[in-house]
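Undergrad: no sequence for this one, just the structure:
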């Protein structure tokens, strides 16, 4: 046991990314092999997470995990839930994996869930170092579309679903959606992002009208280049204007 870590408290990070087409989440592979290392017993997916260090608070631990995995230290980060079900580690596969890595499978672990938002054009993974990441990371960090995720470790499917629901509620009242967009974006790109998060189609005319009426969404004198269709105008989010106007109701969706 590493005495620098608290074995009963952990942080799990749901890292959402948007590539202008689909919403994705960053996951790692968890492998369990036979003792000789030759035969794979099982493989599933896990959220990035770790136990907190004894000198860390929860948010510091989450920031450390995100930086070690992505190389970014300016990511939007927010705690959304605490998961404390006494049986959250009792799945037979999880018990087998914990025993194999030398941990006591009977240890109760409470985890704080954090979600992060990254425009994928900013994302930088340490490609040359990913095979030497600490064991708790798992292997092969990879972006997964939400509807293509297979079996997940521990209660991480529940953690992911809770994070997605929290994100759906958050984008209705706060401008966090702009954290997933590049600095300059088109009306179609932000509408598509709302649609993939909410899982429904929005009326194009109504959405565009509301977008252009927001003072903190600034229309730029720039348009797309090199596209096969009619070039669309770019917009950008002004944090300064929003901070001055944030007493006003924020909504692009009714």
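TA: Structure's in. What do you need? Small disclaimer: the values here were computed from a predicted structure and weren't measured.
Undergrad: burial count for residue 76?
TA: Other residues near residue 76 number 13, with proximity taken as other CB atoms under 10 Å. (C-beta placed from N, C-alpha, C; glycine too.)
Undergrad: which ones are touching the residue of the chain positioned farthest from its centre?
TA: Farthest-out residue of the chain from its mean C-alpha position, per CA atoms, centre = their mean: residue 36, at 34.9 Å. Listed by CB atoms under 8 Å, 6 or more residues apart in numbering, residue 36 has no contact partners.
Undergrad: where does it sit: helix, strand or coil?
TA: Taking DSSP: H, G, I helix; E, B strand; the rest coil as the rule, one finds residue 36 in the coil state.
Undergrad: mind checking pLDDT for it?
TA: On the pLDDT scale, residue 36 is placed at 82.
Undergrad: now do residue 228
TA: Looking at residue 228, the pLDDT reads 73.
Undergrad: swap in residue 140?
TA: 78.
Undergrad: distance of it from residue 121?
TA: As judged by CB to CB, to the nearest Å, residue 140 and residue 121 stand 22 Å apart.
Undergrad: so residue 103, which of the three states?
TA: coil.
Undergrad: burial count for it?
TA: 15.
Undergrad: if I look at it, how far off is residue 94?
TA: 10 Å.
Undergrad: report the distance from the biggest strand by length in the chain to the chain centre.
TA: In the chain, with assignment by DSSP state E, the single longest strand is strand 5-18. Centroid separation for strand 5-18 versus its chain: 10 Å, with CA atoms, centre = their mean, to the nearest Å.
Undergrad: need the next SSE after it, C-terminal direction.
TA: Using DSSP states H and E, the helix or strand that follows strand 5-18 in sequence is strand 23-33.
Undergrad: tell me the strands beside that next one, with direction?
TA: strand 5-18 (antiparallel), strand 40-46 (antiparallel), strand 139-145 (antiparallel) (DSSP bridges).
Undergrad: name the residues of the very next helix or strand once past the second one that are buried.
TA: Counting by DSSP H and E, the next helix or strand C-terminal to strand 40-46 is strand 49-53. Using 16 or more other CB atoms under 10 Å as the test for burial, strand 49-53 gives 49-52.
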